[in-house]
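# please find the sequence and the predicted model below.
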Amino acid sequence: MASLDRVKVLVLGDSGVGKSSLVHLLCQNQVLGNPSWTVGCSVDVRVHDYKEGTPEEKTYYIELWDVGGSVGSASSVKSTRAVFYNSVNGIILVHDLTNKKSSQNLYRWSMEALNRDLVLTRVLVTNGDYDREQFADNQMPLLVIGTKLDQIHETKRHEVLTRTAFLAEDFNAEEINLDCTNPRYLAAGSSNAVKISRFFDKLFEYLFTPVILQKSLTWKESA
Amino acid sequence: MSFLIDSSIVITSQILFFGFGWLFFMRQLFKDYEVRQYAVQVIFSVTFAFSCTMFELIIFEILGVLNSSSRYFHWKMNLCVILLILIFMVPFYIGYFVVSNIRLLHKQRLPISCLLWLTFMYFFWKLGDPFPILSPKHGILSIEQLISRVGVIGVTLMALLSGFGAVNCPYTYMSYFLRNVTDTDILALERRLLQTMDVIISKKKRMAMARRTMFQRGEVHNKPSGFWGILKSVTTSAPGSEMPDLTLIQQEVDALEELSRQLFLETADLYATKERIEYSKTFKGKYFNFLGYFFSIYCVWKIFMATINIVFDRVGKTDPVTRGIEITVNYLGIQFDVKFWSQHISFILVGIIIVTSIRGLLITLTKFFYAISSSKSSNVIVLLLAQIMGMYFVSSVLLIRMSMPLEYRTIITEVLGELQFNFYHRWFDVIFLVSALSSILFLYLAHKQAPEKHMAP
């Protein structure tokens, strides 16, 4: 077991989209039997083989921090949540395919988390506007996951999937659409499992970038 | 002819209220959700529209606008529609949506919701028994039966909200009650929270590794379910017996997660208090602080009056307007045209009461909705709120009667039938007193308990 300080991934999204079910599925390969409201933050750990199948294969722990709440929370709740956004290595954005508002709120979620990291003081800077260029430059790996795919009727699927493709493009991220109550979607060898593996691998590549280079990137963005 | 004009005026205003309710629903309540069942939005807006029309008719009564017979007709019609909505439609839809959320009963939605509605009607009817609200000469299916029961529920709600609001308002406005929170307190709590998260993570890492090695060794990990399952797992556990360890660690993790939730909520609370301290230093904050002192005096006075009313079994006969005018005429010797002024003053007074109660209710409902709704239950909660709103407004009409001079009371008495109005006022006083006193007790306990938690090293 290679020791690494920590690899931390945030799982963000509106309440009720299925973050807890998703995290449970990713970490324990089981469907969550009784999902209930997440108060504060719940953490789970996934064991990941970096560079699986190659001679350089190493096993790491990845921490998935499932932060609960809504974008419209009181500012006191937002300030409390901000304590979880420290030293994050990657973000998984979760939205509900049956609820357009949850997809739109992902922009605000990413602003809330990324602004916290870009500004190196404790003051939360929110300009509120979504800036596409910020995401083009952004080096932090993002992944967009759409849930409740089973509840979308066959006829509407194409329209919904086109919309989510645009969403993922905006974030410069990969996207996966699945149903958290069905482990089949993340079965080993499926394209979804490959995407997830690739995302986690990207985390390590981002980590192994020299720290000086990282700092100069983040300073440029916040300037 | 004049009837048609009057009706068109009333109907136009109803459409306006409907639009306002629709906008409020979309912009405020359902900000974060997607409206999929438009029936819910329609019902909410319709309830709002008809409730506001009732208030509008009161204002028209005072100002003498429109023909008196057309006013009476619209009163009756409005009342019938509101009762129809509150007693038939909304409860039925609530039952329907509750059943729709439960996956198992999906096929038999309709019959089960009818059953739920019949249960509701049974309890609703039984509600009238312990209260002396009717004179025996009313038949079984009269409007008075329904209104009296709706009135009881609505008055209880009003008194509860009013009692809590009267106590909570000075408590939140006045900065005297603000706990002293420093940045170091917050930082210390945050550190504890992150430390707890770290401990949880290290335990979960152990569990994940144990599960993985077990999986790789080819053991199938079944969660022990029930008594026999646990027995079986203990007796047939493989070499290394990591199963009991896992359940022990899982229990520790559960306890730690509960602790992390508590710490999170406390931190959020501290941040909120800090913001309030900042706010109280601003000009607006100081203004509200002053208002808070004023409201606390008002609150004490109201509690005092409620106690007097109950103890001495006093029933107010005259309304504040007439009494005020009497005082000024008799004691201060100022002569003025009683009829003219009483009309205008009661219009202003009643108008203020109506506007503040509508606004206060909508704000409370919104806060309540944000606090407890989720994407699954939002429909049911909105319908519950519509029900509460409707009952609240109907009983407001009942109680507002007391604030109006005699000549304007007659229409309400005529339309609502011969209810025992005095009973409702007495009931309001009792519930108000109970609610205010228990709010004081509750806030006192909450206030006492909080500083002890944070000042602990």
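Sure, I can see it. Please read these numbers as outputs of a predicted model, since none were measured by experiment.
# okay, CA-based contacts and neighbour counts for the rest of this
OK.
# most centrally placed residue in chain A?
In chain A, the residue lying closest to the centroid (C-alpha atoms, centre = their mean) is residue A:92, at 0.7 Å.
# what about it, is that helix, strand or coil?
strand (DSSP: H, G, I helix; E, B strand; the rest coil).
# give me phi/psi at residue A:33?
When read as degrees, to the nearest 10, the backbone of residue A:33 gives phi -70, psi -40.
# what's near enough to touch it?
Contacts for residue A:33 (C-alpha atoms under 8 Å, 6 or more residues apart in numbering or on different chains) come out as none.
# how close does it sit to residue B:250?
Distance, residue A:33 to residue B:250, by C-alpha to C-alpha, to the nearest Å: 16 Å.
# also residue A:201?
Counting by C-alpha to C-alpha - residue A:201 and residue B:250 are separated by 29 Å.
# what's the answer for residue B:414, then?
Applying C-alpha to C-alpha to residue B:414 and residue B:250 gives a distance of 67 Å.
# the two - which one has more neighbours?
residue B:250 (16 against 13; other C-alpha atoms under 10 Å in any protein chain shown).
# okay, and the more buried one sits in which element?
helix B:243-280 (DSSP states H and E).
# hey, which helix or strand in chain A has the poorest pLDDT?
Across the helices and strands of chain A, mean confidence by mean pLDDT, DSSP states H and E is lowest for helix A:211-222: a mean of 49.
# gap between residue B:170 and residue B:250?
Residue B:170 is 46 Å from residue B:250, by C-alpha to C-alpha.
# how about the helices in chain A?
A:19-28, A:75-81, A:100-118, A:132-137, A:154-170, A:191-208, A:211-222 (DSSP state H).
# so which of those is nearest residue B:272?
helix A:75-81 (5.0 Å; C-alpha to C-alpha).
# quick one: contacts for residue A:47?
A:27, A:59, A:60, A:61, A:62, B:208, B:209.
# name the nearest residue to the last one, sequence neighbours excluded.
Leaving out its chain neighbours, the residue that sits closest to residue B:209 by C-alpha to C-alpha, 6 or more residues apart in numbering or on different chains is residue A:47, at 7.3 Å.
# same deal with the third one?
In this structure, residue A:60 finds its nearest non-sequential neighbour in residue A:48, 5.3 Å apart by C-alpha to C-alpha, 6+ apart.
# how about the contacts made by the one you found?
By C-alpha under 8 Å, 6+ apart, the contact set of residue A:48 is A:59, A:60, A:61, A:62, A:200.
# now the residues you listed: which count as buried?
Among those, those classed as buried by 16 or more other C-alpha atoms under 10 Å in any protein chain shown are A:60, A:61, A:62, A:200.
# verify the stated contact: the first one with residue A:45.
In this case it means residue A:60. No: contact criterion C-alpha atoms under 8 Å: residue A:60 and residue A:45 do not qualify, at 10.0 Å.
# one step back: for the buried ones among the contacts of residue A:48, which one is nearest residue B:127?
Set against residue B:127, the nearest of the buried ones among the contacts of residue A:48 by C-alpha to C-alpha is residue A:62 (57.9 Å).
# and that closest one, how far from chain B?
In this view, residue A:62 and chain B are 9 Å apart by C-alpha to the nearest C-alpha, to the nearest Å.
# likewise residue A:76?
5 Å.
# give the contact list for that residue.
B:268, B:269, B:271, B:272, B:275.
# same deal with residue B:170?
Residue B:170 touches B:291, B:292, B:293, B:295, B:296, counting by C-alpha under 8 Å, 6+ apart.
# out of those residues, which are buried?
B:292, B:293, B:295, B:296.
# from those residues, which land in helices?
Reading helices off the buried ones among the contacts of residue B:170 with DSSP H, I get B:292, B:293, B:295, B:296.
# quick one: the first one from residue B:370, how far?
It stands for residue B:292. Separation of residue B:292 from residue B:370 (C-alpha to C-alpha): 26 Å.
# got it, and the third one?
Plainly put, residue B:295 is 27 Å away from residue B:370 if you go by C-alpha to C-alpha.
# what about residue B:107, which SS state?
Under three-state DSSP, residue B:107 comes out as coil.
# return the distance of it relative to chain A.
The spacing between residue B:107 and chain A, counted by C-alpha to the nearest C-alpha, is 17 Å.
# next one: residue B:52
Distance from residue B:52 to chain A, by C-alpha to the nearest C-alpha: 29 Å.
# and after the helix or strand where that residue lies, which helix or strand comes next?
Using DSSP H and E, residue B:52 sits within helix B:38-63. Later in the chain than helix B:38-63, the nearest helix or strand by DSSP H and E is helix B:68-84.
# hmm, residue A:13 is touching residue A:107, no?
No: with contact defined as C-alpha under 8 Å, residue A:13 does not reach residue A:107; the gap is 9.9 Å.
# okay, the two: which has more neighbours?
residue A:13 (29 against 21).
# show me the beta-bridge partners of the residue nearest to residue A:165 when sequence neighbours are not counted.
Closest residue to residue A:165 apart from its sequence neighbours, by C-alpha to C-alpha, 6+ apart: residue A:175 at 7.3 Å. Per DSSP bridges, the residues bridged to residue A:175 are residue A:144.
# doesn't residue B:26 lie inside a helix?
Yes: applying three-state DSSP, one finds residue B:26 inside a helix.
# count the neighbours of it for me.
For residue B:26, using other C-alpha under 10 Å, the count is 16.
# again with residue B:81
Residue B:81: 14 neighbours (other C-alpha under 10 Å).
# for residue A:156, same thing?
9.
# let's see the pLDDT reported for it.
Residue A:156 is assigned a predicted lDDT (pLDDT) of 80.
# and it, how far from chain B?
15 Å.
# if I look at residue B:19, how far off is residue B:29?
Going from residue B:19 to residue B:29 by C-alpha to C-alpha gives 15 Å.
# neighbour-wise, which of these two wins?
residue B:29 (19 against 16).
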